[in-house]
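> okay, here's the prediction I keep looking at, along with the sequence it came from:
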Amino acid sequence: MNSLRLYRDGVEIPQLGLGVWKVTDDEAERTVLTALEAGYRHIDTATLYRNEEGVGRAVRASGIPREKLFVTTKLWNSDHDRVERAFDESLARLGLDHVDLYLIHWPAPKQNKYVQAWRGLEKIYRDGRARAIGVSNFTVGTLTRLMDETDIVPSINQIELHPYFQQHEMREFHDKNGILTEAWSPLGSGRGLLEDPALAVLSDKHNRTPAQIVLRWHIQIGNVVIPKSVTPSRIKENIDVFDFILDREDMAAIGAMNAGRRLGLDPETSG
Ligand SMILES: NC(=O)C1=CN([C@@H]2O[C@H](COP(=O)(O)OP(=O)(O)OC[C@H]3O[C@@H](n4cnc5c(N)ncnc54)[C@H](OP(=O)(O)O)[C@@H]3O)[C@@H](O)[C@H]2O)C=CC1
Ligand SMILES: O=C(O)C(=O)[C@@H](O)[C@H](O)C(=O)CO
């Protein structure tokens, strides 16, 4: 499994992980165990997903040493002014004494508490209870304010990113500031991307599924990527993307799919 270096102090994040949004707590236990057995070592959950307990049960049942696993969870919008208590509640639900990555889930600019929330994550990081800290759904504006007003640069920004919504501006800003880009809804969240004819051509060329083509594209442009599936065959298929290469023509064909088509909420206006 490829890893990307997450932080200056050497924390590494597996480049591909399993996302579990919209997975029930019971389903999450089975799904995460299937993924760990398939070789995944990185799980992405959140307080919002209401499945941290199931993720924790799977982590313990797997028998895999904790230090071999990378667990991310996220601070929800309503907890921006109670960060340490919310973090303790997440650890308790997960049954863990630390997480590998803690994220602010959304900046929620209308409530204007994300700078205060980040200071709480800085303390959790300094106390060693999160090996790394980052953000999600931050924009150039909210990231710039965070970097101007606080001490630690976020290690990662998890944003909506897939062939229909390629986020060039954000990826360039991240690269300039040493922030990793992590792609949420990397497969287009089951809303038609994988049926795009351009992917069928590449699928035939490489004898790989459209999902594997898309995930390989993410890997080759340097994204951390967290596809979700509760289907065992797909969970296995999605991690089987490290033994083929998309050539320049293939990458250009996917690049041409960029349509500015956002599928999720707009960080500028939501929360
Ligand atoms: N920070 C944030 O605000 C957000 C974070 N996220 C994170 O990103 C993760 C991934 O995004 P998400 O929106 O869940 O969706 P994805 O883009 O990962 O797509 C998941 C959908 O694609 C289907 N699918 C998965 N693999 C395949 C395959 N190989 N072939 C065909 N279909 C496939 C799944 O079906 P099935 O499960 O039935 O197999 C599901 O319907 C989330 O789970 C969450 O962890 C997501 C949204 C927002
Ligand atoms: O809330 C929704 O409908 C979404 O679009 C998701 O982005 C959700 O807000 C979320 O943050 C999942 O991580």
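Now that the structure is in, tell me what you want to look at. Residues are numbered from 1 along each chain as shown. Ligands and ions are numbered 1, 2, ... in the order given.
> tell me how many other residues crowd whichever residue of the stretch 51-200 of the chain sits closest to ligand 1.
Distances between the stretch 51-200 of the chain and ligand 1 by C-beta to the nearest ligand atom are smallest at G190, namely 2.9 Å. C-beta coordinates here come from the backbone N, C-alpha and C atoms, glycine included. Per other C-beta atoms under 10 Å, the neighbour tally for G190 reads 12.
> on the three-state scheme, it is what?
coil (DSSP: H, G, I helix; E, B strand; the rest coil).
> which residues does the residue of the stretch 51-200 of the chain found nearest ligand 2 contact?
The minimum distance from the stretch 51-200 of the chain to ligand 2, using C-beta to the nearest ligand atom, falls at H105 (5.8 Å). The contact partners of H105, by C-beta atoms under 8 Å, 6 or more residues apart in numbering, come to A46, T47, L48, K74, L75, W76, N77, S136, N137.
> these also near ligand 2: which ones?
Among the contacts of H105, proximity to ligand 2 is found for A46, L48 (C-beta under 6 Å from any ligand atom).
> can you tell me which of the contacts of H105 has the most neighbours?
Going by other C-beta under 10 Å, L75 tops the contacts of H105 with 29 neighbours.
> that one contacts W106, correct?
No - counting by C-beta atoms under 8 Å, L75 does not reach W106; the two are 9.3 Å apart.
> gap between the closest residue to L75 other than its chain neighbours and A253?
Excluding the flanking residues, the one nearest L75 by C-beta to C-beta, 6 or more residues apart in numbering is I104, at 5.2 Å. The gap separating I104 from A253 is 35 Å, by C-beta to C-beta, to the nearest Å.
> neighbour count: these two, which is higher?
Relative neighbour count places I104 above the other of I104 and A253, with 30 against 19, counting by other C-beta under 10 Å.
> looking at the stretch 1-150 of the chain, which residue is nearest ligand 2?
Nearest to ligand 2 in the stretch 1-150 of the chain, going by C-beta to the nearest ligand atom, is W21, at a distance of 4.7 Å.
> quickly note the distance from that residue to G39.
Distance of W21 to G39, computed by C-beta to C-beta: 21 Å.
> then R129?
As judged by C-beta to C-beta, R129 and G39 stand 27 Å apart.
> which of the helices and strands in this structure ranks last by mean pLDDT?
Lowest on mean pLDDT, DSSP states H and E among the helices and strands of the chain sits strand 3-5, with a mean of 73.
> helices or strands next to that strand in the packing?
strand 12-14 (3 or more C-beta pairs under 8 Å, 6 or more residues apart in numbering; DSSP states H and E).
> the helix or strand following the strand it packs on near ligand 1 at all?
The helix or strand immediately downstream of strand 12-14 is strand 18-19, counting by DSSP states H and E. Yes - counting by C-beta under 6 Å from any ligand atom, ligand 1 has neighbours in strand 18-19: G19.
> which residues touch the least confident helix or strand of the chain?
By C-beta under 8 Å, 6+ apart, the list of residues contacting strand 3-5 from outside reads V11, E12, I13, P14, Q15, L180, G222, V224.
> closest to ligand 1 out of the residues you listed?
V224 (10.5 Å).
> now that closest one: phi and psi?
For V224, the backbone dihedrals (degrees, to the nearest 10) come out as phi -80, psi 140.
> isn't it right up against W184?
No - assessed by C-beta under 8 Å, V224 is found out of contact with W184, at 9.9 Å.
> what do the two both touch?
Counting by C-beta under 8 Å, 6+ apart, the contacts common to V224 and W184 are Q158.
> check contacts around the residue nearest to L75.
Listed by C-beta under 8 Å, 6+ apart, the contact set of I104 reads K74, L75, H80, Y114, A117, W118, L121, G134, V135, S136, F138.
> fine by me, we can end here.
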